[in-house]
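Chemist: Show me the folded form of this:
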Amino acid sequence: MAKKLQIEGLSYRYALGGRNVLANVNLELEAGEKVLLAGSSGSGKSTLLRVISPVTMPRGEISGKVLLDGTDVKTLSRVECISKIAYVSQNPETQIVVDTVFGELAFSCENIGIAKKEVRRRIAWTATYFGIEHLLKRRVSELSGGQKQIVSLAAAIMLKPEVLLLDEPTTYLDPVAAVRFLDLVDRINRDFGITVVVAEHRVSEFANRFDRVVKVENGSVSDVANDSAGGGADIFYEKVFSLNDRKKSDSEPAVTVKNLMFRYDRNGQNVLDGVDIVIPKGSVFALLGGNGCGKTTFLRCLTGELKPQQGKIKIDGKLSAMTQNPLSMFIEETVRKDLRFFMKKKGASGKEADEKIGEIAKKLELTDAILDSHILDLSGGEVERSAIAKLILAGADVMLFDEPTKGLDLETKKKLAELMQALASAGITSVFVTHDINFALAAADCAGVLSSGAILE
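Modeler: You can find the predicted model right below:
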């Protein structure tokens with residue numbers, strides 16, 4: 001079969017980086033092949049996807065070649081790169097640029113000068129193919145995370161690309177939605193012969209869907225045996241409910257919520273409809289549920305960002321929270337500078353700040369390279385761990401985490417679970433929203449599932 005994509009001796013270093021993130025990468029993909037990129041957080045998976053096209057390549061130093069059908073991508077025009085190589089980031093919030101679904105689908109085509117009549121034809125076909133006709137007039141802000149991810153994928157396919165690059169596309173999806181999304185990717189690959197490369201941490205669950213698994217480690221790549229088939233993930237909630245058998249019912253409440261009701265529109269349906277929950281002090285509480293059920297809305301009500309129409313919320317102690325976009329928590333250009341600034345605002349001396357930062361960095365495996373790199377040059381998992389460090393340094397009694405495992409590899413997830421349990425032993429309560437049932441089972445000692453506006457225990 002013909003070679004669609006050839007990567008030869010590729011090395012890359014971010015503009016402010018002190019090391020090569022990619023080192024002499026050699027990789028060939030055949031036309032229509034479907035490849036899974038596996039590797040730990042910070043191994044270089046996301047960077048490799050971004051540097052394949054000059055359009056998505058971040059600022060930095062690059063050497064080596066990327067060939068598309070034998071042609072160096074550097075010699076292609078911007079329009080050719082955009083049309084032939086589609087890239088979908090792990091966070092649809094960072095990629096969607098228009099406020100309506102119709103406008104988002106039209107944007108990429110209009111941006112490269114495709115005639116309006118042809119754009120409308122492509123929207124009609126794409127919306128039908130992806131089953132999103134009912135969303136065309138909706139505002140993107142009204143969509144669930146899963147719907148946004150599908151819209152991002154549909155917008156990429158509008159250009160009829162030859163190569164599709166997906167950076168951890170299941171990160172924001174519940175287990176069932178993740179399977180459906182990958183079913184859609186399989187269909188695209190099968191129907192159009194598009195070469196697909198997916199960076200993903202959930203290797204054991206999804207490896208059997210791919211022709212080949214390529215491991216990225218320390219900036220280098222190597223083929224590995226595809227022997228992960230059948231690992232799978234638990235997509236049912238039975239085991240989650242069993243966590244409540246060990247709920248600390250004799251502890252004082254850290255979070256008490258009574259008859260909480262919230263809706264975004266005055267005449268709309270309640271997203272939260274009579275939520276009642278008591279979370280004991282020193283607990284690790286996991287909140288699960290399908291995409292769009294209201295989990296993030298619930299956290300935003302706890303923080304006071306949203307004002308419910310009815311109900312009472314009581315938090316015993318100081319509260320701190322991490323959002324789904326941890327980048328928003330940083331104001332300095334590097335993690336170390338940001339954490340130092342944060343600690344000094346809290347009254348710590350320079351020496352005290354460095355000592356505390358060093359302690360938490362060791363627990364979360366935040367190396368000097370991570371601490372001193374530009375925040376925008378870090379992988380999703382590295383940003384996530386840095387945000388968790390800041391949350392812990394805030395010294396809260398109750399910590400809220402919105403999807404804390406996105407971008408994290410299995411080993412880092414294990415350490416995060418251990419850290420949450422250690423915090424619980426110190427009397428600190430953790431409340432986290434997640435789609436990752438396996439992580440919930442490992443980290444939590446009590447749990448709930450949000451369904452039809454209420455939390456079931």
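
Chemist: Only C-alpha atoms from now on, for both contacts and neighbour counts.
Modeler: Fine.

Chemist: Kindly list the longest helix within this structure.
Modeler: helix 175-192 (DSSP state H).

Chemist: tell me how far that helix is from the chain's mean position?
Modeler: 18 Å (CA atoms, centre = their mean, to the nearest Å).

Chemist: Kindly report the same for stretch 241-261.
Modeler: Worked out by CA atoms, centre = their mean, stretch 241-261 lies 28 Å from the chain centre.

Chemist: ok, then the element right after the longest helix of the chain?
Modeler: Downstream of helix 175-192, the first helix or strand assigned by DSSP states H and E is strand 195-199.

Chemist: How about whatever helix or strand comes next after that following strand, which residues are buried there?
Modeler: Note on strand 195-199: by DSSP H and E, the next helix or strand toward the C-terminus is helix 203-206. Of the residues in helix 203-206, 203, 205-206 count as buried by neighbour count, 16 or more other CA atoms under 10 Å.

Chemist: circling back to that earlier point, list the buried residues in the longest helix of the chain.
Modeler: 175, 177-179, 181, 184-186, 188-189.

Chemist: Nearest to S108 among those residues?
Modeler: Taking CA to CA as the measure, S108 sits nearest to I188 out of the buried residues of helix 175-192, at 18.7 Å.

Chemist: Tell me the confidence at the closest one?
Modeler: pLDDT recorded at I188 is 92.

Chemist: circling back to that earlier point, need the buried residues of helix 175-192 in a markdown table with distance to M322, can you?
Modeler: Formatted as a markdown table, the buried residues of helix 175-192 follow (distance: CA to CA, whole Å):
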| residue | distance to M322 |
| --- | --- |
| P175 | 22 |
| A177 | 23 |
| A178 | 23 |
| V179 | 27 |
| F181 | 26 |
| L184 | 31 |
| V185 | 31 |
| D186 | 33 |
| I188 | 35 |
| N189 | 36 |
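
Chemist: just these now: which is nearest N24?
Modeler: N189 (28.4 Å).

Chemist: surely the closest one meets I157?
Modeler: No - N189 is not in contact with I157 according to CA atoms under 8 Å; the separation is 11.1 Å.

Chemist: can you pull the contacts of S220?
Modeler: Applying CA atoms under 8 Å, 6 or more residues apart in numbering, we find S220 in contact with 22-25.

Chemist: just for the stretch 201-350 of the chain, where's the confidence low?
Modeler: Low-confidence segments of the stretch 201-350 of the chain (pLDDT under 70): 225-236.

Chemist: Strands of that one, residue ranges please.
Modeler: 212-217, 220-224, 253-262, 272-280, 284-288, 310-315, 319-322 (DSSP state E, counting those that start in this stretch).

Chemist: Format those as TSV; extra columns: distance to G381.
Modeler: TSV is the format used below for the strands of the stretch 201-350 of the chain (distance: least, CA to CA, whole Å):
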stretch	distance to G381
strand 212-217	15
strand 220-224	18
strand 253-262	28
strand 272-280	28
strand 284-288	20
strand 310-315	29
strand 319-322	14
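
Chemist: So for L364, which of the ones you listed sits nearest?
Modeler: Using CA to CA, the strands of the stretch 201-350 of the chain put strand 319-322 closest to L364, at 15.8 Å.

Chemist: mind listing what the closest one pairs with, with the direction of each?
Modeler: strand 398-402 (parallel) (DSSP bridges).

Chemist: Off-centre distance for the strand it pairs with?
Modeler: That offset, for strand 398-402, works out to 17 Å (CA atoms, centre = their mean).

Chemist: Outline the domain layout of this protein.
Modeler: 3-224, 238-456 (automatic domain parsing).

Chemist: Show me what counts as buried in the helix or strand harbouring L419.
Modeler: Element membership for L419, per DSSP H and E: helix 410-425. Within helix 410-425, the residues that count as buried by 16+ other CA under 10 Å are 410, 412-413, 416-417, 420-421, 423-424.

Chemist: and of those residues, the nearest to K248?
Modeler: Closest to K248, out of all of the buried residues of helix 410-425 and judged by CA to CA, is A424, at 11.0 Å.

Chemist: hang on, the closest one packs against A254?
Modeler: No - checked against CA under 8 Å, the pair A424 and A254 is beyond contact range at 11.6 Å.

Chemist: Can you pull the residues that touch both of the two?
Modeler: 281-282.

Chemist: Any idea what the residue nearest to D245 when sequence neighbours are not counted is bridged to?
Modeler: Distance criterion CA to CA, 6 or more residues apart in numbering; nearest residue to D245, sequence neighbours excluded, is C446 at 7.8 Å. Note on C446: beta-bridge partners by DSSP bridges are F285.

Chemist: swap in V88?
Modeler: L166.

Chemist: now M322
Modeler: Beta-bridge partners of M322, as defined by DSSP bridges: F401.

Chemist: which secondary structure element contains E8?
Modeler: E8 belongs to strand 3-14, assigned by DSSP H and E.

Chemist: Report the buried residues of that strand.
Modeler: Buried, per 16+ other CA under 10 Å, within strand 3-14: 4-8, 10-14.

Chemist: Now tell me which of the residues you listed the prediction trusts least.
Modeler: Ranking these by pLDDT, Y14 lands last with 86.

Chemist: Please report how far that one lies from V221.
Modeler: 18 Å (CA to CA, to the nearest Å).

Chemist: Could you check how far stretch 149-167 is from the centre of its chain?
Modeler: 17 Å.

Chemist: now do stretch 423-432
Modeler: That offset, for stretch 423-432, works out to 23 Å (CA atoms, centre = their mean).

Chemist: contact partners of it?
Modeler: With CA under 8 Å, 6+ apart as the criterion, stretch 423-432 contacts 254, 280-287, 396-404, 420.
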